[in-house]
Structure formats: structure tokens, C-alpha cells
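K.L.:
Attaching a predicted model along with its sequence, questions to come.
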Amino acid sequence: MLSLIHHSFLTAFVLVLGLTLTGCADEYSGPSPVKIAELPSLPEAKKSATLPRQKELPPREITLALVGEVRGEIEPCGCPTLPFGGFERRATLLNRLRSQGPGPLFHIDAGDMLVKGFSTKREDRVRTRALEILRLSEMVGVDAWVVGPSDLVALSPRDLQRQAGPSRVSATWTDESGALLLKPSIILERDGLRLGVIGLSAAPPADSGLSMKDPTTATQEALSALPDDLDMVIAVGSIADNKAQDIAASVTGLTAVFTTRGVVYEEPRVTESGTVIIETPDRGRYLQVLHARLGSTPDAPLSLSPSPPTWRARLAATRRGEPDKLKEEGRGRNLGLISTIPLSADLDQKSEITDRLDRYRDARLVAASERAAESEPHEIRYASSGGCVSCHSNEFARWALTDHAKAWLALVKQGETKNPECVSCHTTAFGEPGGLGELTMPNIRKFKGVQCEMCHGPLAGHPSDSRTQAHAVTEQKCLTCHDEANSPDFDYETYLRRASCQGGAPALVPRPHQE
């Protein structure tokens, strides 16, 4: 009862207070209440820019699949975070794209296909590997290969002209007489559709005997020599970003420009002239795939529209045999969709490529075993770290705590201890005279891991043999394995301290009799 009376009293008090304040509102003399500013009106929604229409032609479908800077990667390496790539996976994806359509597929390599870089140790092995890559490229169906500067490390200019393999083009390389080394362009035809490809190779090495034409001039000359009845014309190559920009801005008649990756990978970009420049990721770890619906002439620039979701829905509908959803939008326009597709483990599928790779691995293991067993008087052999530890115990102790010492264990975990692609960087002196040859347990125990001689060179006979001298460690030597693709975070100074005898662990406390 008392609670009810108390509640009624409070209610009445609140009502009286409210009436009092209301009555005093006109007599309030304090600061004026703050007014809420009016919200600005929303801007009108901008309408999407209308794509210009050019000469209208019957619609045609085409798919382009491009790679660039494969750099000798035959199969994916397990060292990076994302071990994509390899010819086996590429073949699986290409076969899938060919079967899905719509339209024919053309596969193009933009250059720098054969070797990792410009420094190499044994030319005979580089050439053997290059010839294998050419054969694999044929097997996956490379229709055109625009040769790049590093390709000249494995093949001479004469080899490029005569060696079997994919058709190769370059509108920029000339020989000592000033004549073009290769065809400036190629016309690819499939299912009644004709594609013109102009090759734009970057500057050749100074010692190659070749020169380079101005890319813009070379493109204009090659374009003028092509017939008028092509469905699409593209420029492809390894030229620098600024050169590609100049061509896109000043050369009319191209549907698109494709290049290898620049300093950093950039998304497709449209120049002021309307010509799109499309970069291809390196190492062959992705396919850069262009689906195009051509509704005009080759000189009508490629428009990356409509949006990717709309494009993909349209592709799925077209593959089901439904009416073309871009019929109206595509009149008088060349429309395209770019898809960067990773060559990941879901594409692993046995094929004739698998059998070819198995034979290649076996042949490399045999060759390494034979080479290691060779005994030439003039060649310095390998001693392994067991021959170094007696005099360099402190350095050995530092090294033993580094990842270099444990490099073989990484292959054990990955199940790749018989793969020569991996063994060469996770052991010492693989395939070198007196080094690791046949993969027997005694040999593996002796040479597993990245030991002293991997950095300092062969040291058998040191110090009594005056010919045997330790080489200084150089960044270029490290880059043989720690390249950008397989060791993307590599920094020479910090890695040298972390992974070598230079600082793997604090120095051991010297014994009293030592200085």
C-alpha cells in the first residue's frame, strides 16, 4: 500500500514539473538553442558513360590465354606461400577453357620463357632445360611466343630462327645487317576467326649482336603490313611500361596491348586514347584470360565492360545455349572480360604432360649422377661441410642453427626428395663433380642442406691445394635460388646474417688458449 502511494506521488511530481517548465518557456533568457544545420542535398547520381559505337559487324567470340616471364618454371615450387603454376596444371585449365567456349581459344607467351635470369652456371644444362620447355610449350598449345631478352641466354639468335617449338615473333629485334631477326607478326586462325599478333621484344643483351627498333615505329610498320580482314589485332611483348603506354596512346588500329609484368603488377588500365593495356603475371603461375565479344573492327578499342558479374552470368548463359545477353550493348563495340586464374592444386590432373615430366625428372637424376662421378684433373671437387668443421667449428655451429642447415627437411615434409627441380636448391653441389649425384642415403647425409660450399664454391683440398680458394658470398649467388618468385621476401643483408655462418647464432665462447 505504501509502495503504491509513493509511486503515485512521484508521478504527480513529474507532471507538475513538466507544466511549470512549459509555462516558463517564454520567459527563458539564456543562450538561444542551437539549430541543427540543414543537410545538404544529395548529388544526382551520375549516369554511366555511354560507350561509343563504331562500325557494326556480326558478333564473334574469342578467348585469349596469356602467360609471361615463365622463366624456366616447369612445375610449381613449394617454397612460396602460394605454390601455383606448372605446365601440367596449365594444360588442364587450357583444355577446360577450350571445351567450354564460347569461341576459339588462342594461347600466347609474352616472352622470357626459358631461364630464370641472365646469370647461369652451366650452359649445357640451361640449353637442355630450354629445349624441354619448348617441347612442353608445344604440348600445351602455345600458338605464338614473343621472345624476350633472357631467352637469349639459352638459345642463340640462330637457334631462335631454326629451333623447333612454338612460332616466335619479334617486330623489334634486328641483326647486324639491320634486318629483322624474326617475323614481326603472325596471323592465327581457328574456327574461322583470325587474330593478328605483333611481337614487341624488350632490348636484347648487349653481347647478343642484336639491336632494338623503336617499339612504336615497329608496331606501326607491322600493323600496316597486316591484312584488313582480321577480327582482332593485339600487340604482345616484354617492353617497358612507358613504351607500352606510348604505343597505346599513339598507334591506332590495335584492339589491345598485352605486356609482361612491370616493376609491380598492375591491373588492366585504359589510356586516354581508349586502348587498354593488360599485364600478365610472371612465372606462369596464373593464366591471364580474356573473353571477348567482338562487335566491331579491330581498330575499335577493347572495352572492359559490362561488369565482371554481368559478364560471367552472360558466359554461363551462352554456354547453356541461351540467347546472347549482350546483343544490344555489344552492337558496334568490342567488349571484354579479364580473369586472372591461378594454376592451383585443384588443376592437378594426370595427362601426357605428367608422363613427359616424369621422364624429364628421371633423365635429370641420371645426368646429375653421371656428372658427379666424373673426375677431371682440372676441376676442383666438393668436400662437404664435414671437411670444413674441423677448422671452422664456430662458423659451423652458427650455420647448424639456420634454415639452410634444415633445407633438406623441407623436402622430406613435402615429399619432394626425388624431384631434381627441388633438390638442386635444398642440397649442396647437386650434379657437380664430386658433389651430390645418385640420391643414396650416404650421399644425402653428406650433402643435404645448403652447406658452406653452396656459397663459397668447391673446396676439396683446401688449404693444402693452392688452387682451392673460398669465393666471397655475393647477392647474385644467392639469387640463383632466392629469386623473386620463390623467395619474395629475400633481403640480402638480413638473410646473410640469418641463414649463414655469418650470424646464425652467437659466437661460441673461445677456449682459454684461443686468442
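P.N.:
Perfect, thanks for sending it.

K.L.:
Could you spell out which stretches of this protein belong to which domain?
P.N.:
60-347, 377-499 (automatic domain parsing).

K.L.:
quick one: which of those domains has the weakest pLDDT on average?
P.N.:
Comparing mean pLDDT over those, the weakest stretch is domain 377-499, at a mean of 88.

K.L.:
A helix includes residue 62, no?
P.N.:
No - going by DSSP: H, G, I helix; E, B strand; the rest coil, the assignment for residue 62 is strand, not a helix.

K.L.:
so the residue lying closest to residue 226 once chain neighbours are set aside, which of the three states?
P.N.:
Computed as CB to CB, 6 or more residues apart in numbering, the closest residue to residue 226 that is not its neighbour in sequence is residue 196, at 4.9 Å. For every residue, glycine as well, the C-beta is placed using N, CA and C. Each residue gets one of three states, and residue 196 gets strand by three-state DSSP.

K.L.:
partners of residue 196 in the sheet?
P.N.:
residue 187, residue 233 (DSSP bridges).

K.L.:
And it, how close does it get to residue 301?
P.N.:
Distance of residue 196 to residue 301, computed by CB to CB, to the nearest Å: 15 Å.

K.L.:
Repeat that for residue 440.
P.N.:
Distance from residue 440 to residue 301, by CB to CB: 61 Å.

K.L.:
Neighbour count: the two, which is higher?
P.N.:
residue 301 (25 against 11; other CB atoms under 10 Å).

K.L.:
so who does the more buried one touch?
P.N.:
254, 255, 256, 270, 273, 274, 275, 276, 334 (CB atoms under 8 Å, 6 or more residues apart in numbering).

K.L.:
So for this protein, which residue is the most central one in space?
P.N.:
The centroid of the chain falls nearest to residue 282 when counting by CA atoms, centre = their mean (1.9 Å).

K.L.:
There's contact between it and residue 73 in this structure, I believe.
P.N.:
No - look at residue 282 against residue 73 with CB atoms under 8 Å: they stay out of range, at 9.3 Å.

K.L.:
Would you map the helices across the stretch 51-200 of the chain?
P.N.:
Taking DSSP state H, counting those that start in this stretch, the helices of the stretch 51-200 of the chain run over residues 87-100, 123-140, 151-154, 157-162.

K.L.:
closest to residue 323 out of those helices?
P.N.:
Each of the helices of the stretch 51-200 of the chain has some distance to residue 323 by CB to CB; the shortest is helix 87-100, at 18.2 Å.

K.L.:
what's the angle between that closest one and helix 123-140?
P.N.:
Per axes from the mean of the first three to the mean of the last three CA atoms, to 10 degrees, the angle that helix 87-100 makes with helix 123-140 is 20 degrees.

K.L.:
follow-up on the earlier one: inside helices: which ones of the contacts of residue 301?
P.N.:
Using DSSP state H, no member of those sits in helices.

K.L.:
Just the buried residues out of those, in PyMOL syntax.
P.N.:
Those of the contacts of residue 301 that count as buried under 16 or more other CB atoms under 10 Å are selected in PyMOL with:
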select buried, resi 254+255+256+275+276+334
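
K.L.:
Spell out which residues sit in contact with residue 302, please.
P.N.:
Here residue 302 is in contact with 255, 256, 275, 276, 290, 292, 334, 335, 336 (criterion: CB under 8 Å, 6+ apart).

K.L.:
Pipe the residues you listed into JSON lines and attach distance to residue 473 per row.
P.N.:
Formatted as JSON lines, those follow (distance: CB to CB, whole Å):
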{"residue": "255", "distance to residue 473": "49"}
{"residue": "256", "distance to residue 473": "45"}
{"residue": "275", "distance to residue 473": "47"}
{"residue": "276", "distance to residue 473": "45"}
{"residue": "290", "distance to residue 473": "44"}
{"residue": "292", "distance to residue 473": "50"}
{"residue": "334", "distance to residue 473": "53"}
{"residue": "335", "distance to residue 473": "54"}
{"residue": "336", "distance to residue 473": "48"}
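
K.L.:
between those residues, which is nearest residue 85?
P.N.:
Distances from residue 85 to these, taken by CB to CB, are shortest for residue 290, at 19.5 Å.

K.L.:
how about the closest one, secondary structure?
P.N.:
Applying three-state DSSP: residue 290 is strand.

K.L.:
Same check on residue 330?
P.N.:
Criterion first, three-state DSSP; result for residue 330: coil.

K.L.:
so what's it up against?
P.N.:
Contacts of residue 330 (CB under 8 Å, 6+ apart): 59, 293, 295, 324.

K.L.:
Tell me the secondary structure of the closest residue to the last one other than its chain neighbours, please.
P.N.:
Read it as residue 324. Excluding the flanking residues, the one nearest residue 324 by CB to CB, 6+ apart is residue 318, at 6.4 Å. Of the three states, residue 318 takes helix under three-state DSSP.
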